[in-house]
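> my questions concern the predicted model and sequence given below.
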2 protein chains.
Amino acid sequence: MKTHNFSAGPSILPQEVIRQASKAIMNINNLDLSILEISHRSKDFVDIIDEARELTKKILKIPQEYEVLFLQGGASLQFYMSALNLLETGGIGGYIDTGTWSTKAIKEANKVGKVHVIASSRDEGYKYLPKNIKLDKNIDYLHFTSNNTIYGTQFKSFSELYNLAQSRNAKLICDMSSDIFSKVFDISQFDLIYAGAQKNLGPAGATLIIIKKEILKNNNALPTYLNYSTHIEKESMFNTPPVFSIYVAMLTLRWIQENGGLASIEKKNKNKANAMYDEIDRNPLFSGYTENTDRSIMNATFKLNNHKLESEFKKLCHESRISGIYGHRSIGGYRASMYNALEIDSVNKLIEIMQIIEKIS
Amino acid sequence: MKTHNFSAGPSILPQEVIRQASKAIMNINNLDLSILEISHRSKDFVDIIDEARELTKKILKIPQEYEVLFLQGGASLQFYMSALNLLETGGIGGYIDTGTWSTKAIKEANKVGKVHVIASSRDEGYKYLPKNIKLDKNIDYLHFTSNNTIYGTQFKSFSELYNLAQSRNAKLICDMSSDIFSKVFDISQFDLIYAGAQKNLGPAGATLIIIKKEILKNNNALPTYLNYSTHIEKESMFNTPPVFSIYVAMLTLRWIQENGGLASIEKKNKNKANAMYDEIDRNPLFSGYTENTDRSIMNATFKLNNHKLESEFKKLCHESRISGIYGHRSIGGYRASMYNALEIDSVNKLIEIMQIIEKIS
């Protein structure tokens, strides 16, 4: 019986990507060598990272003035690195606070310079996204988190924030860790996007950066690893990159491309999310955590209204091989993460269990 | 026919580690899930990182007052991070310059504070290691690179540097990326050791840190990711760790343990290096790059005295499936990297080819 993997991250990857990755561990390109034991300077790996870069550009329709990088350290290092590179001396970084990840980004920027929290939904436990945001001062950049995995909120459109940044001639920075490659969007609205790979791109260990070259000043005083210019110049090979994570990311990008690209992926993701939210709203035993308009197509958060049924629900999920649906420890409840590689039959299985527990309750 | 993998890194891993890693990509712990798609907070992964930490402590005989961390960013990020954490305001970091990696460490420390290069072998193209080093001022710490992959030099004993640091009450820091786990040594001489995993520990993407807890001051002003205290407190799980790289490192540590630990590994490594250097010295066609006393047991660097034979040597190596023996682009020539997992039969095969080309020349 199949495991239905709703893990919030690291998370489900396409089965064929997993099969190819397993094979490449034994033998890559018929070299009789493992992908784990070849030099990152070998033609075999250079071809892999080149393909990963080109596929990223193609799938996201990235204009020529942007660079694509594969680094280490996750979004957590990017919280600091983005501020370090883009906050001007005496300038202000503007932040939209939509939960844990935004809060962490704000904390790191505070170590670099001045921060202005433009809007926050903290008052309501981050159950909604701030709207009609006013900006009463100049900022160097506007930073936001596009999808909030813990609460299950997601910006449906980036235009309000883009226009807000434009009104102050500020750059637009986005932590897109948990929804990049999940839908079509206009990359030209952004100056910097960063994303940990471990949701829709690949396994943990690689961090994708998409950056508009012209926004960088040559600043040799920055620590070399923390300077985006270093990695642009060295084409992500300043030091030994996370070879295997990049290889699997490349395979996943191929899978996205072969499966119709982002338009097709988006349609599939919306179908899954619609089915899931329809059941949460219909089934009297469950209630959603977030405001309906701000619901994420990646992470559906919900609660079981009758706590006494929790152990029975757990048992039923376990018997049906439903895995990874527990909510983040900070808010509890349930979270069904429906990343690209999750099939609709897994969502249907979870819905079936929600209906079974409704009948027996 | 077997590939004889002399790659300088990422480099050869034990065959049984590769087989197990390949299996775990398909199915870890009979969960019907890939190691690539389970949560880093799952019991399955927590058990893996715990075992990796405990095996590191056991194999290296690490005293209780040290912490073992698995981070990202490689030694290149550690060059900066070690100085950032250990260089006092107004203090001086002392460095031994033995080549490219030391030079990079010095460059990053210069971005943090004052640096004193205590000794350097730059004058002779880093063909030897500085000895009888004098230290005429107080320093916060003494930093050195234990094994220089590019030139093929290696400190045989750490006592001179330990005593030097002790004489000024300075901490001892070592970049041990390319020879940790290759031989027995006394870890209690060190305050901080860091090592990129991609030589004797596992695939690229993880960085091992061994740190004496008492040397750290609580400094909340440091960027959170770059503060060793963060990772000690969170047991290397501040953010999503490089799950798969840590898993493979754990398998490799099991392999070291099951194969007699460091004493046995050291004996095997010395046998390989002795055979290799004996041939370099005996065979009139070849000459070693470094001073004999400072030769590395990990990386043997040598040249072919008659340039006209280079293409024939290349052809012979290729026919015998000898891979990865070209020298670093900065010094040219050849480099036979003989990491733990390389078997003596691979060294013997290379020696055989060196003897064949001697006969036909």
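On my side now, so go ahead.
> helices of the stretch 51-200 of chain A, start to end?
Secondary structure of the stretch 51-200 of chain A, counting by DSSP state H, counting those that start in this stretch: helices at A:74-86, A:100-110, A:159-167.
> residue of the stretch 251-361 of chain A closest to chain B, please.
residue A:324 (6.4 Å; C-beta to the nearest C-beta). No exception for glycine: its C-beta is placed from N, CA and C like everyone else's.
> can you check the pLDDT for the residue lying closest to that residue once chain neighbours are set aside?
In space, and not counting its chain neighbours, residue A:324 is closest to residue A:7: 3.4 Å by C-beta to C-beta, 6 or more residues apart in numbering or on different chains. Per-residue pLDDT puts residue A:7 at 96.
> and residue A:7, how many residues sit next to it?
By other C-beta atoms under 10 Å in any protein chain shown, 25 other residues sit near residue A:7.
> what of residue A:360?
The number of residues near residue A:360, taken as other C-beta under 10 Å, comes to 8.
> again, but for residue A:204
With other C-beta under 10 Å as criterion, residue A:204 counts 29.
> list the contacts for it?
Counting by C-beta atoms under 8 Å, 6 or more residues apart in numbering or on different chains, residue A:204 touches A:10, A:74, A:196, A:197, A:198, A:245, B:40, B:240, B:241, B:242, B:243, B:244.
> same question for residue A:148.
Contacts for residue A:148 (C-beta under 8 Å, 6+ apart) come out as A:98, A:99, A:100, A:101, A:102, A:126, A:154, A:178, A:296, A:299.
> thinking again about what came up before, so the residue nearest to residue A:324 touches residue B:36, yeah?
No. Between residue A:7 and residue B:36 there is no contact under C-beta atoms under 8 Å: 10.8 Å.
> how much space between the residue nearest to residue A:324 and residue A:302?
Here the distance between residue A:7 and residue A:302 works out to 16 Å (C-beta to C-beta, to the nearest Å).
> my guess is residue A:259 contacts residue A:265, does it?
Yes. Contact criterion C-beta under 8 Å: residue A:259 and residue A:265 qualify, at 6.8 Å.
> so for these two, which sits in the more crowded spot?
More neighbours surround residue A:265 than the other of residue A:259 and residue A:265, with 21 against 13 (other C-beta under 10 Å).
> what about the strands in chain A?
A:4-5, A:66-71, A:92-97, A:114-120, A:141-145, A:147-148, A:153-154, A:171-175, A:192-196, A:207-212, A:286-288, A:299-304, A:322-323, A:334-337 (DSSP state E).
> does the first one reach chain B?
In other words, strand A:4-5. Yes. Counting by C-beta under 8 Å from any C-beta of the partner chain, chain B is contacted by strand A:4-5 at residue A:5.
> quick one: strands adjacent to that strand?
When pairing is defined by DSSP bridges, strand A:4-5 lines up against strand A:322-323 (parallel).
> who's in contact with the strand it pairs with?
By C-beta under 8 Å, 6+ apart, strand A:322-323 touches A:3, A:4, A:5, A:6, A:7, A:346, A:349, A:350, A:353, B:31, B:33.
> now do stretch A:270-282
A:286-288, A:292, A:295-298, A:300, A:302, A:336, A:338, A:342, A:344, A:347-348, A:350-351, A:354-355.
> give me that answer again for 7 Å
Stretch A:270-282 has contacts (C-beta atoms under 7 Å, 6 or more residues apart in numbering or on different chains) with A:286, A:288, A:295, A:297, A:300, A:302, A:336, A:338, A:342, A:344, A:347-348, A:351, A:354.
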